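# Sequence and predicted structure are below.
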Amino acid sequence: MSIHLLYPDGSSHSFEDGTTGLEVAESIGSRLAKAAVAVSVDGAEYDLSRALPSGSLSVITDSTEAGRHIIRHSAAHIMAQAVLGLYPGSTFAIGPAIENGFYYDFDIGRGFTPDDIEAIEARMAEIVAADQPFERFELTPDEALEVFADHKFKVEIVKSVDDSEVDGSSGVISAYRNDAFVDLCRGPHLPSTGRLKAFKLTRAAGAYWRGDENNPQLARIYGTAWESKKALEEYLHRLEEAELRDHRKLGPELDLFSSPPELGSGLVLWHPKGGVIRKIMEDHSRRLHERFGFDFVFSPHLAKADLWETSGHLSFYAENMYPGIEMDGGQEYRVKPMSCPMHVLIYRSRGRSYRDLPIRLSELAAVYRNERSGVIHGMMRARGFTQDDSHTFCRRDQVDDELAMHLDFVLTWLRDFGFTEFEADLSTQPEKSVGDQELWTIAERSLEDALKLADIPYRIAEGDGAFYGPKIDVHIKDAIGRRWQMSTIQVDFALPENFGIDYVDAENQRQRPVMIHSAKAGSIERFFGVLLEHYAGAFPMWLAPVQAEVIPVADRHNDYAEAVVGHFKSMGLRAEADLADATVGEKIRRAMTSKIPAVVVVGDDDVANGTVGFRMRGLDEERGVGLADATDRLTSAAVLPGEET
RNA sequence: GCCGAAGUAGCUCAGGGGUAGAGCAGCUCACUCGUAAUGAGCAGGUCAGGGGUUCAAAUCCCCUCUUCGGCUCCA
C-alpha cells in the first residue's frame, strides 16, 4: 500500500502508507520541515504527526496566514491549560484564533485582573519551556460528554456538534492532549508547545457565551502570537502606529473637532479647521450628486410618530430611535434616524408618470440614532451624524441601469478621496423577506451585473440581505490595510408598498416604483474619521484646512509675508502667515507637526526679488522660487478631483 | 446595557493619609533668526463629581459620571 501526493509544482510522489506530514516535509527539505506547522491535503489540514491520505499536498509554514492561525490556536490551548491549572474549579468555553491573535473564554467566578494576566503569561512560558507534545485522539460524542462532564460549555459544544455534523467525520469528535490538559479541537496543532516562539496576552474583557446578552457573561483573555519574536515586535509596532493615527487623538490635536463630556456622549463639535474639510467634502458630494443626476431635497429633524409607524421603523428600528416627544396635546413626534420616509412623502406629493422616472432625491441629513453607550467610538460611531442619503425611485426596467450608475457613483466618490482598493459584499434574499420573487431575482442579478461591470472583487453573502431587499456594501482598504465598510446601495421593495406609492405607466395603469437607497460616504462623520486615519492627519492639498503656511524669517518680513498670503488667497488657496515671535525653525516645526502640505519661507532675498522659499510635503526645499511660479504649483496641487484639465 | 481598565494644569505624565509637581502648550520680556524646538520670567488645579472613614483624603471605602478596550468571528 502506498499514498500518492501531488506537490504544488505539479510533480507526483509516492510514499509508504502511514507516512506523516513531517516525514514528507523532511523529504522535501530540512528548512521546509523546520518551518512547517502542518500540512494540507486536498484542502483538509493535518497535524505533522498524522498519517496522510493521497491527494494534493501543500506544506503550511509558520510565516503564512494559515500557519499563524495554527500557531495562535495552539497558543489559545496553552493559555487555557495555564488558566485551568492556576484556578481550580474554573471552566472554559471557546478559544479560537482570530485576526492577529486569539482569545479564550473562561468562567473563573470573577474577571481577570492585570496580575492574573501576568501570572497566566508566566505559566504559559513554563508550558512552552516544557515542550509538551500535542497529541490528537478521537472520541465518540458519548465519550466526549464523559470526559468533559465537569465543563458545561464543552458539554453544550459536544451536543451541538452531535446535532449538526461538521467536517463529515460522522460521529467522531477530535480532541487534543498535552500533558494532563485535554480540549476539544478540530485541529490541527503545532507538534509541541515548544514551537510557540512568541506570544503576548493583550487584554482581558467580558464576552457573552455565544455572543448573546441573555447568556452568562464569561471572562475573555485576548492574546497575540507570531512565528518569531521579530514578527511579534513588528505587530506591536503596527498597533502603536495605528494608535498614533487614531482619529480621536488626531482630531483634537489638529484642532479639527472635539467631543467634550459637557456636550453628551456620541455627539461631536466641528471646529473651524475640521469645518473646512467637512465643507469641502460636502461640496464635493453635492457636485458629484449633480453630475450623476440627483436632485437635492431637505427634510426636518422631526416627524410624527405615525410616519415612522407607516415606514415600519417603529416595528423594526425603534430600539435605535430616541423616545417620543409630546406636542400639540398628545401628538407624538420622533427624531429622525433616517430620511427615507420623508423622501417618500416628497415623491408622493403629486401624481407621478412613468416619464418622470427615475426620480433621484438626495440629502445631507442630520440624523440621530440611539447607539448603546458601549459602542460609541469617536466619529466612527456617533449618536448624531450626517448621512449622505439618497433615494431613487424607478421603474423595473430601469433597475439595471440605475444600479450600475449608483455603483459607478460610489466608486468615483471613493477614488476621489484616495482609496484604491475595494471589496464588495452582495447580500442576497434572507429566509424571511417581503416583495415578489421576480423583483428579488431581477435586483440580485442587476446588483451582481453592476459589480462585474465595475470589475471590483466581491463575495456573495447568501441570505444576508435586509428583509426588504438585497444590497451591496462597499469596503475600502486604508493606508495600513484595515477594512472599513463605507458605501451602501440597497434595493427596497417594502417602503413603496408601505406608503402605497405609484406612478402611471404608458397604458395608464398604476404601477409600484422600485426604490434604491444609497449612501456614498455613509456618515460624513465616520467617513471623515476614516479619512483622517487613512492620511494620518496629513490630508492631500485639496482637503487640507491650511494649504500653505507663510513664514517670515524676521519681523521686517511680516508685511511681505502677508502680501504673499493675500496673493495666495486671491488665487483661491487657503494660506496663513505665522507672525508669532519665534524662530524660523520653531515656526517650520509647527507647520510640519500641523501637517500643513506647503511651507513658504520669506526673507531678505525674497522681499528684494519677489520670490519665496518653497517646500511641499515629500519634496525638497527650494530657494528663490518666483511668486507666480509658487502660486501655480500650489493651485495645480490643490485642484479638485475630477476637475483636472 | 454588561465585563474589565482608567480619570491629577490645555496636552503627556509623576506623586500616593500631613502646603499640588515636571515637560510641552499659553502669557510677558529679551533675541530678529533662511528650513523640525533661542533664552529668561510669569501664570495655570475643587487631583472627574458626590458621600463616607480620619485630627487630617488627590491618596483608603462606597455611589455616580465620563473615557478607553471587549461583548458575530462556532470545539
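Okay, I see it. Numbers count the residues shown, from 1 in each chain, chains lettered A, B, ... in the order given.
# Which part of the stretch 251-400 of chain A gets nearest to RNA strand B, residue-wise?
residue A:374 (1.8 Å; CB to the nearest atom of the strand). (C-beta placed from N, C-alpha, C; glycine too.)
# any low-confidence regions in the stretch 51-200 of chain A?
A:161-171 (pLDDT under 70).
# again, only this time at 80
Filtered on pLDDT under 80, the stretch 51-200 of chain A yields the residue ranges A:109-111, A:113-115, A:160-172, A:187.
# Can you name the residues of it that neighbour RNA strand B?
A:94-99, A:110-114, A:157, A:160-161, A:164, A:166-167, A:173-175, A:183-186 (CB under 7 Å from any atom of the strand).
# Now the buried members of those.
Neighbour-count burial (16 or more other CB atoms under 10 Å) is assigned, among these, to A:94, A:95, A:97, A:112, A:157, A:161, A:173, A:174, A:175, A:183, A:184, A:185.
# Just put the residues you listed in CSV and tack on secondary structure and distance to residue A:240.
CSV is the format used below for those (DSSP: H, G, I helix; E, B strand; the rest coil; distance: CB to CB, whole Å):
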residue, secondary structure, distance to residue A:240
A:94, coil, 29
A:95, coil, 26
A:97, strand, 23
A:112, coil, 24
A:157, helix, 37
A:161, helix, 40
A:173, strand, 41
A:174, strand, 39
A:175, strand, 38
A:183, strand, 33
A:184, strand, 36
A:185, coil, 33
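# Just give me the longest helix of chain A.
In chain A, assigned by DSSP state H, the helix with the most residues is helix A:65-86.
# CA-only coordinates of it, as CSV, when you get a sec.
C-alpha atoms of helix A:65-86 as CSV (Å, rounded to 0.1, in the frame of the first residue of the first chain):
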residue,chain,number,x,y,z
GLU,A,65,-1.6,33.3,7.5
ALA,A,66,-2.7,29.7,7.7
GLY,A,67,0.4,28.8,9.7
ARG,A,68,-0.1,31.7,12.1
HIS,A,69,-3.7,30.6,12.5
ILE,A,70,-2.4,27.2,13.8
ILE,A,71,0.2,28.9,16.0
ARG,A,72,-2.5,31.1,17.5
HIS,A,73,-4.9,28.3,18.0
SER,A,74,-2.2,26.3,19.8
ALA,A,75,-1.4,29.4,21.9
ALA,A,76,-5.1,29.6,22.9
HIS,A,77,-4.9,26.0,24.1
ILE,A,78,-1.8,26.7,26.1
MET,A,79,-3.5,29.7,27.7
ALA,A,80,-6.5,27.5,28.6
GLN,A,81,-4.1,24.9,30.1
ALA,A,82,-2.5,27.7,32.2
VAL,A,83,-5.8,29.1,33.4
LEU,A,84,-7.3,25.8,34.3
GLY,A,85,-4.1,24.9,36.2
LEU,A,86,-4.0,28.2,38.0
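# what's downstream of that helix, the next helix or strand?
Note on helix A:65-86: by DSSP states H and E, the next helix or strand toward the C-terminus is strand A:91-92.
# now what about that following strand, what contacts it?
Applying CB atoms under 8 Å, 6 or more residues apart in numbering, the external contacts of strand A:91-92 come out as A:80, A:83-84, A:104-107, A:150-154, A:183.
# Show me which of these is closest to residue A:508.
Using CB to CB, residue A:105 comes nearest to residue A:508 of those, at 63.6 Å.
# Run through the bridge partners of the closest one.
residue A:220 (DSSP bridges).
# if we can go back for a sec, going by neighbour count, list what's buried in the longest helix of chain A.
Buried-residue list, helix A:65-86, by 16+ other CB under 10 Å: A:67-85.
# ok, residue A:354 - contacts?
A:395, A:503, A:504, A:505, A:506, A:511.
# Could you rank these by neighbour count and give me the top one?
residue A:503 (21 neighbours; other CB atoms under 10 Å).
# Bridged to that residue, which residues?
Applying DSSP bridges, one finds that residue A:503 bridges with residue A:511.
# give the contact list for it.
A:351, A:352, A:353, A:354, A:356, A:357, A:393, A:395, A:510, A:511, A:513.
# would you turn those residues into a markdown table with distance to residue A:273 and pLDDT?
Supplementary listing: the contacts of residue A:503 in a markdown table, determined by distance: CB to CB, whole Å; pLDDT from 0 to 100:
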| residue | distance to residue A:273 | pLDDT |
| --- | --- | --- |
| A:351 | 48 | 93 |
| A:352 | 44 | 95 |
| A:353 | 48 | 95 |
| A:354 | 48 | 95 |
| A:356 | 43 | 94 |
| A:357 | 42 | 92 |
| A:393 | 39 | 96 |
| A:395 | 46 | 93 |
| A:510 | 52 | 94 |
| A:511 | 50 | 94 |
| A:513 | 43 | 94 |
